[in-house]
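*Asks:* Sequence first, then the predicted structure:
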Amino acid sequence: MAANYPVQKNTLYVGGLAEEVNEAILHATFIPFGDIKDVKTPLDQATQKHRSFGFVTFLEREDAAAAMDNMDGAELYGRVLTVNYALPEKIKGGEQGWAAQPIWADADTWFERQQQEEEMQRIQAENRAAMEAAEELHRKKMAQDREGEKEDDAELKDDPMAVAEAEALKQNS
């Protein structure tokens, strides 16, 4: 599953944290490996305690690699830590996701998409109407041509000179 998402090489996932561990302790544990940009321990909404894991973001990728090599399998407050490169947050819903966004966050893009869709439907309707008009015009032209051929045949029968020309053409052929 890790292959499906690009890893963030300077952010580490730290799993297996004891309840007593907070962000300050996690920071103090990982600071020997390099400068730390950020430490997060997501809270469980119901208990307001961390969910036994956290994220440590280093300024340098090399520091994150050293921390992962040294701290994966290490013990902290009696618990064995699992330390890996962190995966990016999975995007849920919407275009940018709704995990940490207000419900109206993608309203502007939604309205733009609606306007574009309506414009496309309008253009398609205009194209359909133009095609139908062209087809109707073509049908009328074909009908006029057929009527014109019938009139030409009728005129030939009434004109003795035209009948004689037609017979002469047939004999020469």
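*Replies:* Alright, I've got the coordinates. Numbering: from 1, shown residues only.
*Asks:* got the CA positions of stretch 15-29 in PDB?
*Replies:* Only the C-alpha atoms of stretch 15-29 are listed here, as PDB (Å, rounded to 0.1, in the frame of the first residue of the first chain):
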ATOM      1  CA  GLY A  15       3.700   4.800  16.000                       C
ATOM      2  CA  GLY A  16       3.300   3.000  19.300                       C
ATOM      3  CA  LEU A  17       3.400   6.000  21.500                       C
ATOM      4  CA  ALA A  18       2.600   5.600  25.200                       C
ATOM      5  CA  GLU A  19      -0.200   7.700  26.700                       C
ATOM      6  CA  GLU A  20       2.300   9.800  28.700                       C
ATOM      7  CA  VAL A  21       4.200  10.900  25.500                       C
ATOM      8  CA  ASN A  22       3.200  14.400  24.400                       C
ATOM      9  CA  GLU A  23       4.600  16.600  21.600                       C
ATOM     10  CA  ALA A  24       7.300  18.100  23.900                       C
ATOM     11  CA  ILE A  25       8.600  14.600  24.800                       C
ATOM     12  CA  LEU A  26       8.500  13.500  21.100                       C
ATOM     13  CA  HIS A  27      10.400  16.600  20.200                       C
ATOM     14  CA  ALA A  28      13.000  16.000  22.800                       C
ATOM     15  CA  THR A  29      13.400  12.400  21.700                       C
END
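*Asks:* Need the contact partners of the helix or strand containing residue 25.
*Replies:* Here residue 25 is covered by helix 23-30, with elements defined by DSSP states H and E. The list of residues contacting helix 23-30 from outside it, by CB atoms under 8 Å, 6 or more residues apart in numbering, reads 12, 14, 17, 36, 39-41, 54, 56, 58, 67, 71, 76-77. From N, CA and C alone the C-beta is placed, and that goes for glycine too.
*Asks:* Mind checking which of the residues you listed land in strands?
*Replies:* When strands are assigned by DSSP state E, the members of the contacts of helix 23-30 inside them are 12, 14, 36, 39, 40, 54, 56, 58, 76.
*Asks:* What about those residues, which one has the most neighbours?
*Replies:* Counting neighbours by other CB atoms under 10 Å, residue 56 comes out on top of the ones in strands among the contacts of helix 23-30 with 29 neighbours.
*Asks:* residue ranges with poor pLDDT in the chain?
*Replies:* Where the chain drops to pLDDT under 70, the residues are 1-8, 89-108, 149-158, 173.
*Asks:* For residue 38, the count of nearby residues, please.
*Replies:* Residue 38 - counted by other CB under 10 Å - has 13 other residues nearby.
*Asks:* I meant residue 55, not that one.
*Replies:* 17.
*Asks:* do the same with the one 10 residues further on
*Replies:* Per other CB under 10 Å, the neighbour tally for residue 65 reads 17.
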